[in-house]
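Asks: What follows is a predicted protein model with its sequence.
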Amino acid sequence: MTMRLDYLSIFPAYFDVLDISLLGKAAVNGLVEVHAHDLRDWTHDRHRTVDDTPCGGGAGMVMKPDPWGEAFDEIIGTEPDSSVHVIFPSPSGAPFTQSAAQELSSAVRIVFCCGRYEGIDHRVIDYARSMWTVHEVSLGDYVLNGGEVAALAITEAVVRLVPGFMGNPESLAEESFSAGQDGLLEYPLFTRPVSWRGLDVPEVLMSGHHGRIAKWRRDESVRLTCERRPDLTDSDFGVPH
Ligand SMILES: COC(=O)COc1cccc(COC(=O)c2cn[nH]c2)c1
């Protein structure tokens, strides 16, 4: 099953990068197909205008609804279809999580709508919700100039989970935030040389004692998670079970 990814943006060249890197292979072996579109192709004035001043006043500009609607008609269609996932990266979206990436990895079609300026006319989102499955998602509590970088990040998080994409699916199981890690942060990783610039690999990892190694890794994951991400620990988390 091929996953079709569409990107609507006034800077479609952001997505040229998807033709190389990890995604290039997926595109080549038919797992994923990528289509980037210039929103200005659906404007009709000489200046190819996509923005206007906000109703009710305020600073900055808002993206007009008309180009989005016409682009939707052509790219997605005019009939409702809940199997199409439309993603609006936005500072006011719901936090994007690994479980959201996991769910989206089984989608047949994902359309990324990259906002710029202060944002997109809200009726575009309302219209999209009446037609498709819409996700307004935030990557974090900071503001970017547009949704393109967020769309690339979400794409990578999703496509690497598509069955058949990753060479070694086992490596997915042990990552941070994956179920296999019980929602803990990943433990520190080491490889050869055993001694490097006066810094040594922890002895336990060279002991060949798998029970002790597993315990060291679990303890490190717990320590790191408590230190860096208290939000990920539930109330009695800190108490060893
Ligand atoms: C309905 O959606 C919109 O109107 C989106 O509008 C905008 C406006 C400016 C910037 C962005 C890009 O997203 C972020 O900055 C972002 C995402 N995660 N954390 C920061 C999107």
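Replies: Ah, there it is.

Asks: top strand in this protein by residue count?
Replies: Taking DSSP state E as the criterion, the chain has its longest strand at strand 84-95.

Asks: can you list the residues that contact the helix or strand following that one?
Replies: For strand 84-95, the following helix or strand on the C-terminal side (DSSP states H and E) is helix 98-104. Here helix 98-104 makes contact (Cβ atoms under 8 Å, 6 or more residues apart in numbering) with 85, 110, 135, 137, 154, 157-158, 161, 177-178. (C-beta placed from N, C-alpha, C; glycine too.)

Asks: which residues sit in contact with the residue in the chain that the ligand sits nearest to?
Replies: Residue nearest to the ligand within the chain: G115 (2.5 Å; Cβ to the nearest ligand atom). G115 makes contact with 63, 88-90, 146-147, according to Cβ under 8 Å, 6+ apart.

Asks: With just CA atoms, put the strand or helix carrying D126 into PDB.
Replies: Assessed by DSSP H and E, D126 sits inside helix 122-131. Taking Å, rounded to 0.1, in the frame of the first residue of the first chain, the C-alpha atoms of helix 122-131 are listed here in PDB:
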ATOM      1  CA  HIS A 122     -10.000  29.800  10.300                       C
ATOM      2  CA  ARG A 123     -12.800  28.900   7.900                       C
ATOM      3  CA  VAL A 124     -10.200  26.800   5.900                       C
ATOM      4  CA  ILE A 125      -9.800  24.500   8.900                       C
ATOM      5  CA  ASP A 126     -13.500  24.400   9.500                       C
ATOM      6  CA  TYR A 127     -14.100  23.500   5.900                       C
ATOM      7  CA  ALA A 128     -11.400  20.800   6.000                       C
ATOM      8  CA  ARG A 129     -12.900  19.300   9.200                       C
ATOM      9  CA  SER A 130     -16.300  19.000   7.400                       C
ATOM     10  CA  MET A 131     -14.600  17.000   4.600                       C
END
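
Asks: can you list contacts of it?
Replies: By Cβ under 8 Å, 6+ apart, the list of residues contacting helix 122-131 from outside reads 63, 65, 68-69, 72, 76, 79-81, 84, 86, 88, 113, 134, 136.

Asks: which residues touch the longest strand of the chain?
Replies: 76, 104, 107-115, 119-120, 125, 128, 131-144, 147, 150-151, 154.
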